[in-house]
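> fold the stuff below for me.
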Amino acid sequence: MIRLCQALVALCLSATAVVADDWPQWQGPKRDGVWRETDILEKFPKGGPKMLWKQPIGGGFSGPAVADGRVYVMDRVGDKLGKGKEVPGKDGLVSKERVLCFAADGGKLLWKHEYDCTYRIYYPSGPRATCTVAGGKVYALGAIGDLHCLDSQKGDVLWRMNLAEVGKTKPPVWGYAAHPLVDGDTVYCLAGGENSAVVALDKDTGKVRWQNLTVKEIGYAPPMIFEAGGKRQLIAWHTEAIAGLDPASGNVYWSHKFPEVEPERPGISVSTPRKEGDLLFVSSPHHGSLMLKFAKDKPDAAILWKGKSNQLARPDGLHSLMGSPVLQDGHVYGICVFGELRCLKADIGARLWEHPTQERKSLGPTTFLIPNGDRYFLFDDQGDLIIARLTSKGYEEVDRAHIIEPTLHSRGRDVVWCHPAFAQRCLFVRNDEQLICITLAKEP
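Reported below is the predicted structural model:
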């Protein structure tokens, strides 16, 4: 009997050990970009990590979402531009956007949903936003503003709407890219137009619950919800300000102009707002960084410090473009507009160090930073996956492997601009041609 009990305990512990996390939305389960799985390899095996499967897909920047044994990703098929061209002609690109669902184990295509649309945006490769999977539903936002709610198992359309039509406006210059946020029974999105910068929708019907804020350009940063000052606050960072709203009503708790001068147009607010303790951080390519401090006893925030430069060509602290910075242990780590990985002291904004991420200095190199335990996984726009340690003292590279080819030509170089998903001890990532799954599990 004792041996039987010991065996059962061992079996339970073994089963617990192999439980793996999902990555069901932009930046993972908590929307904070942290990979919390354990038993991950320390260094890559000789020849690089093993690819488990790959599947052909069309173009796009939409990252994979992984939930309940399935991988969801969006792409575009249809007319294409010549290499290096950034914008379609006046007639646009005849396109079909698709939501694809694959089995996480093996990569089999389980279902797809597609619909017609015409692209008249810059960089028209395909959809930008990562799907959000919640409560048996998939919320998929296309580049022209088509928002679909689909059954996660079958792909059936439960409801659809167009955000540009809600705001009676046009899509942003670079298309809709703010990843939908599902919280409770509500979906939050950036739409644009009169009194519609932020919209709250019923997650089951798509009915508009409230809409608020009027701005010239909404930008591309995802909405976030944080607990601060005794209240849950919906954080909306657009091209003219950052604001805290009541998630239930849309009423504005507080707002700070950022930048204080007229924004560079087209406006660029892309990276995810970051919170640690009572600090809230955002960073833009033209106007640098802003650190806010939440009030302790009410839903409010004050400016702690801000960058001094409003010049893209002369960044003073951290001027982030697409890759979201990390705010961790009192420090900010992020990629500046010319590819430098920089570390700032969070409470005062002082730069502690920088490390180049590209051999050739050019505008817009992108590296995604993902903390995992006491190290980071970095995925750069050349298709390399890097294991490194980032501390206040500097950058220490542990290992590096090339895992996928860059397929988008931009500013004289080929790049891949897709945020990867880290789930089930694997990496899921795509370019404009294929979706791949690579194991990062520690060898038994």
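
> just checking, what packs against the host helix or strand of Arg98?
Using DSSP states H and E, Arg98 sits within strand 93-103. Applying 3 or more CB pairs under 8 Å, 6 or more residues apart in numbering; DSSP states H and E, one finds that strand 93-103 contacts strand 70-78, strand 109-119, strand 137-141, strand 146-151. Bear in mind the C-beta positions are built from the backbone N, C-alpha and C, glycine included.

> out of the ones you listed, flag the one nearest Ser125.
Of all those, the one in closest proximity to Ser125, counting by CB to CB, is strand 70-78 (6.8 Å).

> give me the angle between that closest one and strand 93-103.
When axes from the mean of the first three to the mean of the last three CA atoms, to 10 degrees is applied, the directions of strand 70-78 and strand 93-103 differ by 160 degrees.

> if we can go back for a sec, ok, and which of the helices and strands packed on strand 93-103 has the densest surroundings?
Of all those, strand 137-141 has the most neighbours on average by mean count of other CB atoms under 10 Å, namely a mean of 26.

> what packs against it?
By 3+ CB pairs under 8 Å, 6+ apart, strand 137-141 packs against strand 70-78, strand 93-103, strand 132-134, strand 146-151.

> where are the low-confidence patches of the protein?
1-19, 84, 359-361 (pLDDT under 70).

> about what we covered before: can you redo the helices and strands packed on strand 137-141 as a markdown table with distance to Ser269?
Supplementary listing: those in a markdown table, determined by distance: least, CB to CB, whole Å:
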| stretch | distance to Ser269 |
| --- | --- |
| strand 70-78 | 22 |
| strand 93-103 | 24 |
| strand 132-134 | 20 |
| strand 146-151 | 20 |
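
> what about Met291, how many neighbours?
A count of nearby residues for Met291, using other CB atoms under 10 Å, gives 23.

> list the contacts of it.
Counting by CB atoms under 8 Å, 6 or more residues apart in numbering, Met291 touches Leu279, Leu280, Phe281, Ile303, Leu304, Trp305, Lys306, Ala346, Asp347, Gly349.

> and the first one, backbone torsions?
Think Leu279. phi -100, psi 140 (degrees, to the nearest 10).

> what pairs with it across the strands?
Beta bridges link Leu279 to Glu276, Lys293, judged by DSSP bridges.

> repeat that for the fourth one.
Beta-bridge partners recorded for Ile303 (DSSP bridges): Leu292.

> to what extent is it buried, counted in neighbours?
Ile303 is flanked by 13 other residues according to other CB under 10 Å.

> cool, and the third one?
Counted by other CB under 10 Å, the residues lying close to Phe281 total 26.

> measure it to Lys306 for me?
Plainly put, Phe281 is 11 Å away from Lys306 if you go by CB to CB, to the nearest Å.

> what residues are shared contacts of the two?
Here Phe281 and Lys306 have Ser289, Leu290, Met291 as joint contacts, going by CB under 8 Å, 6+ apart.

> wait, which of those residues is closest to His402?
Once CB to CB is applied, the member of the shared contacts of Phe281 and Lys306 that ends up nearest His402 is Ser289, at 31.3 Å.

> excluding sequence neighbours, find me the nearest residue to the closest one.
In space, and not counting its chain neighbours, Ser289 is closest to Ser283: 4.2 Å by CB to CB, 6 or more residues apart in numbering.

> coming back round to it: looking at the helices and strands packed on strand 93-103, which is closest to Asp316?
Closest approach to Asp316 among these is made by strand 137-141 (33.8 Å; CB to CB).

> what's the angle from the closest one to strand 109-119?
With the same axes, to 10 degrees as the basis, strand 137-141 and strand 109-119 are set at 30 degrees to each other.

> parallel or antiparallel, which strands does strand 137-141 pair with?
Take DSSP bridges as the rule and strand 137-141 pairs in its sheet with strand 132-134 (antiparallel), strand 146-151 (antiparallel).

> and those strands: which comes nearest Lys298?
The minimum distance between Lys298 and the strands paired with strand 137-141 falls on strand 132-134, with 30.0 Å, by CB to CB.

> how far away from the center of its chain is that closest one?
Distance of strand 132-134 from the chain centroid (CA atoms, centre = their mean, to the nearest Å) equals 14 Å.

> now the strands paired with strand 137-141 as CSV including distance to Gly89?
Below are the strands paired with strand 137-141 laid out as CSV (distance: least, CB to CB, whole Å):
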stretch, distance to Gly89
strand 132-134, 33
strand 146-151, 22
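
> of the ones you listed, which is nearest Ile436?
Of the strands paired with strand 137-141, nearest to Ile436 by CB to CB is strand 132-134, at 19.7 Å.

> can I get the strand holding Arg98 as PDB, trimmed to CA atoms?
Output of strand 93-103 as PDB, limited to C-alpha atoms (Å, rounded to 0.1, in the frame of the first residue of the first chain):
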ATOM      1  CA  LEU A  93      -5.100  46.100 -53.000                       C
ATOM      2  CA  VAL A  94      -7.800  43.600 -53.500                       C
ATOM      3  CA  SER A  95      -7.500  41.300 -50.500                       C
ATOM      4  CA  LYS A  96      -8.900  38.600 -48.300                       C
ATOM      5  CA  GLU A  97      -8.100  38.700 -44.700                       C
ATOM      6  CA  ARG A  98      -8.200  35.300 -42.900                       C
ATOM      7  CA  VAL A  99      -8.300  33.900 -39.400                       C
ATOM      8  CA  LEU A 100      -6.500  30.600 -39.300                       C
ATOM      9  CA  CYS A 101      -6.700  28.000 -36.600                       C
ATOM     10  CA  PHE A 102      -4.100  25.300 -36.300                       C
ATOM     11  CA  ALA A 103      -3.600  22.400 -33.900                       C
END
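
> pull out the buried residues from it.
Leu93, Ser95, Glu97, Arg98, Val99, Leu100, Cys101, Phe102 (16 or more other CB atoms under 10 Å).

> got a list of what the last one touches?
Phe102 sits next to Gln55, Arg70, Val71, Tyr72, Val73, Lys108, Leu109, Leu110, Leu435 when contact means CB under 8 Å, 6+ apart.

> wait, the fourth one sits on Ala104?
No: distance between Tyr72 and Ala104: 10.0 Å, which falls outside the contact criterion (CB atoms under 8 Å).

> what sits in contact with each of these two?
Residues touching both Tyr72 and Ala104 (CB under 8 Å, 6+ apart) are Val66.

> against Asn212, how distant is Ala248?
The gap separating Ala248 from Asn212 is 12 Å, by CB to CB.

> swap in Ala200?
As defined by CB to CB, Ala200 lies at a distance of 9 Å from Asn212.

> find residues that contact each of these two.
The contact lists of Ala200 and Asn212 share Gly250, where a contact means CB under 8 Å, 6+ apart.
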